[in-house]
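Engineer: kindly return the folded structure for what I paste below:
(one chain, ligands or ions: 3)
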Amino acid sequence: MVDLVVLCMVVLPFLAVTGSASVLEDLDTVSSEVVDLNSNFAKHGKVAAAWWAGWHPDLLPLDKVSWKKYTHMTYAFAETTPSVDELSISGGEELLAKFVSAAKKHKVKALISIGGWTGSRFFSTAVGSAANRTAFVKTITNLVKKHKLDGIDFDWEYPNHPGIGCNTISKQDTPNFLSFLRELRAHHIGRRLILTAAAPITPWPDPNDEPSDISPFAKLLDYIAIMNYDLWGSWSPAVGPNAPLNDTCAPPQYQQGSAVSAVQAWTSAGLPRNQFVLGVGAYGHSFLVANSVALTDQGTITAYPQFEPKQPRGDSSDSGSGVDVCGAAGGWGGIGWGGTFNFWGLVEGKFLDEKGQPLQGIHYRYDECSQTPYVYNHTSQVMVSFDDAKSFKAKGEFIKNYGLRGYAMWEAASDHNDILIDSIRKGGGY
Ligand SMILES: *[C@@H]1O[C@H](CO)[C@@H](O)[C@H](O)[C@H]1NC(C)=O
Ligand SMILES: *[C@@H]1O[C@H](CO)[C@@H](O)[C@H](O)[C@H]1NC(C)=O
Ligand SMILES: *[C@@H]1O[C@H](CO)[C@@H](O)[C@H](O)[C@H]1NC(C)=O
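Structural biologist: Ligands and ions are numbered 1, 2, ... in the order given. Model prediction:
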């Protein structure tokens with residue numbers, strides 16, 4: 001009963017904003033949905049997933065993964081190549097084999113993610129013709145057979161949108177992707193796989209660049225992880241939240257999407273809530289911000305301050321970005337450093353203590369709208385927008401209250417002593 005009240009309180013204003021039907025009808029929808037969602041949770045169970053990156057296995061060795069806190073672990077990445085007959089495995093196939101056996105030993109589903117930021121370049125052509133789709137199904141099912149994988153994640157960044165810049169691209173990407181998934185599901189190996197996708201906060205575009213009907217995808221995919229992060233960074237006009245839970249409460253010019261807007265957009269496009277997995281980021285983006293604009297007279301962090309064009313270095317895993325696969329210099333926004341701080345990197349960089357709380361002398365602000373924190377060191381003038389235990393707990397509660405399927409974290413190696421993962425699990429009632 002308590003949960004029902006909370007759910008109605010949270011969902012009703014949300015439905016009122018989307019305003020499709022009368023409030024009374026919405027009430028009916030909400031209360032009947034609660035029953036369905038509960039039985040669905042009982043039937044399918046909640047998803048607790050993360051990506052494990054094959055290109056820096058030493059950041060979190062396989063025997064250090066908190067396996068019992070996960071249901072699914074996804075190896076990143078199998079990159080698309082100019083040939084539809086080949087995928088390129090980051091870290092190599094030997095590492096993938098070790099990953100699969102470690103996951104299986106702990107009864108965690110072992111998936112591999114195809115694509116990623118640099119690995120999506122040849123997605124469009126891989127599904128671009130009937131012959132290629134058949135060949136791509138064969139490439140994937142061969143990989144599944146060889147490594148006894150439980151499932152495949154499709155992290156195409158992005159259908160009918162450029163992504164890194166030199167991706168192959170077609171207006172037909174989304175319909176071609178659907179045809180491809182149908183063919184994969186019809187295959188005797190594809191039929192029994194867990195199939196998931198990682199997708200942006202707005203639904204995949206149709207050939208006219210309008211949101212596609214997602215309901216046929218929902219019949220083929222087990223769930224879609226919505227990547228609700230990297231919403232603000234060095235490419236943005238001001239310092240904003242990396243992973244906002246909400247933005248409808250922000251000033252209009254700062255409403256750039258959030259978990260709330262993503263649920264609204266994807267569910268109205270036909271994705272059932274119990275197939276919506278919230279993608280969460282265990283890291284933050286840094287900005288160089290002068291004291292005069294970063295802080296109020298009282299010494300609190302200002303909202304949406306302007307930042308300097310120089311990208312600060314992130315944590316010790318930030319090795320800078322050279323020329324990317326498209327030949328473009330310098331990573332995010334063409335600036336030398338990546339500027340990313342993993343959650344552990346904020347401890348290393350002396351913003352946070354071992355418990356993940358701000359250290360003495362560090363300015364901290366928790367934005368009640370985005371429900372995410374900021375830290376600022378006034379000596380180095382580095383500001384970081386990130387997620388902490390409080391914001392991860394809020395995201396967990398959101399997943400529970402909205403009847404979402406669960407969470408998928410980028411990336412397994414970013415946490416510090418499981419502070420974030422424990423927090424989202426607590427909030428989500430895992
Ligand atoms: C089919 O795949 C090949 C690469 O294996 C690619 O060169 C070709 O352009 C693709 N065809 C289409 C129509 O995308
Ligand atoms: C998002 O913000 C709106 C507008 O302020 C508010 O009504 C709603 O409850 C918020 N939702 C969440 C999940 O915080
Ligand atoms: C802030 O940054 C400076 C310069 O990098 C560093 O010496 C200091 O320890 C950091 N922390 C605080 C609280 O000033």
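
Engineer: what separates the host helix or strand of K146 from the chain centre, distance-wise?
Structural biologist: Using DSSP states H and E, K146 sits within helix 130-147. From the chain centre to the centre of helix 130-147 is a distance of 26 Å (CA atoms, centre = their mean, to the nearest Å).

Engineer: beyond that helix, next helix or strand please.
Structural biologist: Next in line after helix 130-147, if elements are assigned by DSSP H and E, sits strand 151-156.

Engineer: so in that sheet, which strands flank that following strand, and in what orientation?
Structural biologist: Strands adjacent to strand 151-156 in the sheet, as given by DSSP bridges, are strand 109-116 (parallel), strand 194-199 (parallel).

Engineer: quick one, it and helix 130-147 angle?
Structural biologist: 140 degrees (axes from the mean of the first three to the mean of the last three CA atoms, to 10 degrees).

Engineer: quick one: buried residues of stretch 72-81?
Structural biologist: Under the neighbour-count criterion of 16 or more other CB atoms under 10 Å, stretch 72-81 has 72-80 buried. Just so you know, the C-beta spots here come from the backbone N, C-alpha and C atoms, and that holds for glycine as well.

Engineer: strands of the stretch 1-150 of the chain, residue ranges please.
Structural biologist: Ranges of strands in the stretch 1-150 of the chain, per DSSP state E, counting those that start in this stretch, are 47-53, 72-80, 87-89, 109-116.

Engineer: how about the contacts made by the one residue in the chain that gets nearest to ligand 3?
Structural biologist: Per CB to the nearest ligand atom, G361 is where the chain lies closest to ligand 3, at 3.1 Å. Residues near G361 by CB atoms under 8 Å, 6 or more residues apart in numbering: N377.

Engineer: and it, which helix or strand is it part of?
Structural biologist: Under DSSP H and E, no helix or strand contains G361.

Engineer: ok so, going back, could you export the strands paired with strand 151-156 as TSV, including mean pLDDT and distance to E354?
Structural biologist: Below are the strands paired with strand 151-156 laid out as TSV (pLDDT from 0 to 100; distance: least, CB to CB, whole Å):
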stretch	mean pLDDT	distance to E354
strand 109-116	98	31
strand 194-199	98	31
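
Engineer: ranking those strands by burial, who's on top?
Structural biologist: Burial of the strands paired with strand 151-156 is given as mean neighbour count (mean count of other CB atoms under 10 Å); strand 109-116 ranks first at a mean of 24.

Engineer: show me the contacts for I424.
Structural biologist: Counting by CB under 8 Å, 6+ apart, I424 makes contact with 280, 392-393, 395-396, 399, 407, 409.

Engineer: in the stretch 251-400 of the chain, which ranges drop under the pLDDT threshold?
Structural biologist: Applying pLDDT under 70 to the stretch 251-400 of the chain flags the ranges 330-335.

Engineer: which residues in it form strands?
Structural biologist: Under DSSP E, counting those that start in this stretch, the stretch 251-400 of the chain gives strands at 276-281, 283-288, 340-342, 363-367, 372-377, 382-385.

Engineer: adding mean neighbour count and distance to A110, write those strands out as CSV.
Structural biologist: Formatted as CSV, those follow (neighbours: other CB atoms under 10 Å; distance: least, CB to CB, whole Å):
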stretch, mean neighbour count, distance to A110
strand 276-281, 25, 17
strand 283-288, 28, 24
strand 340-342, 27, 23
strand 363-367, 18, 36
strand 372-377, 24, 31
strand 382-385, 26, 33
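
Engineer: want to try JSON lines for the ones you listed, with distance to ligand 3 as columns?
Structural biologist: Output for the strands of the stretch 251-400 of the chain, formatted as JSON lines (distance: least, CB to the nearest ligand atom, whole Å):
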{"stretch": "strand 276-281", "distance to ligand 3": "24"}
{"stretch": "strand 283-288", "distance to ligand 3": "12"}
{"stretch": "strand 340-342", "distance to ligand 3": "13"}
{"stretch": "strand 363-367", "distance to ligand 3": "9"}
{"stretch": "strand 372-377", "distance to ligand 3": "4"}
{"stretch": "strand 382-385", "distance to ligand 3": "7"}
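
Engineer: any chance of the strands of the stretch 1-150 of the chain in a markdown table, with distance to ligand 3 too?
Structural biologist: Shown next, in a markdown table, are those (distance: least, CB to the nearest ligand atom, whole Å):
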| stretch | distance to ligand 3 |
| --- | --- |
| strand 47-53 | 28 |
| strand 72-80 | 32 |
| strand 87-89 | 39 |
| strand 109-116 | 32 |
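
Engineer: nearest to N377, out of those?
Structural biologist: strand 47-53 (27.5 Å; CB to CB).

Engineer: my guess is L59 contacts A413. True?
Structural biologist: Yes: with contact defined as CB atoms under 8 Å, L59 counts as touching A413 (3.9 Å).

Engineer: settle it for me: which of these two has more neighbours?
Structural biologist: For L59 versus A413, the count of surrounding residues by other CB atoms under 10 Å is larger for A413: 23 against 16.

Engineer: ok, the buried residues of stretch 72-81 vs L96, which is closest?
Structural biologist: Y75 (5.9 Å).

Engineer: leaving out the residues flanking it, which one is nearest to the closest one?
Structural biologist: In space, and not counting its chain neighbours, Y75 is closest to I112: 4.5 Å by CB to CB, 6 or more residues apart in numbering.

Engineer: same check, this time on P162
Structural biologist: Using CB to CB, 6+ apart, the closest residue to P162 is I169 (6.3 Å).

Engineer: now V384
Structural biologist: For V384, the spatially nearest residue (CB to CB, 6+ apart) is G284, at 4.4 Å.

Engineer: quick one: contacts for that neighbour?
Structural biologist: G284 sits next to 242, 340-341, 343, 346, 384-387 when contact means CB under 8 Å, 6+ apart.

Engineer: in a markdown table, list the strands of the stretch 251-400 of the chain along with distance to D173.
Structural biologist: Shown next, in a markdown table, are those (distance: least, CB to CB, whole Å):
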| stretch | distance to D173 |
| --- | --- |
| strand 276-281 | 20 |
| strand 283-288 | 28 |
| strand 340-342 | 28 |
| strand 363-367 | 35 |
| strand 372-377 | 31 |
| strand 382-385 | 31 |
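
Engineer: go ahead and confirm I189 touches T141.
Structural biologist: Yes: with contact defined as CB under 8 Å, I189 reaches T141; the gap is 4.2 Å.

Engineer: quick one: which of those two has more around it?
Structural biologist: Comparing I189 with T141 by other CB under 10 Å, the one with more neighbours is T141, at 18 against 15.

Engineer: and the more buried one, how far is that from L193?
Structural biologist: 9 Å (CB to CB, to the nearest Å).
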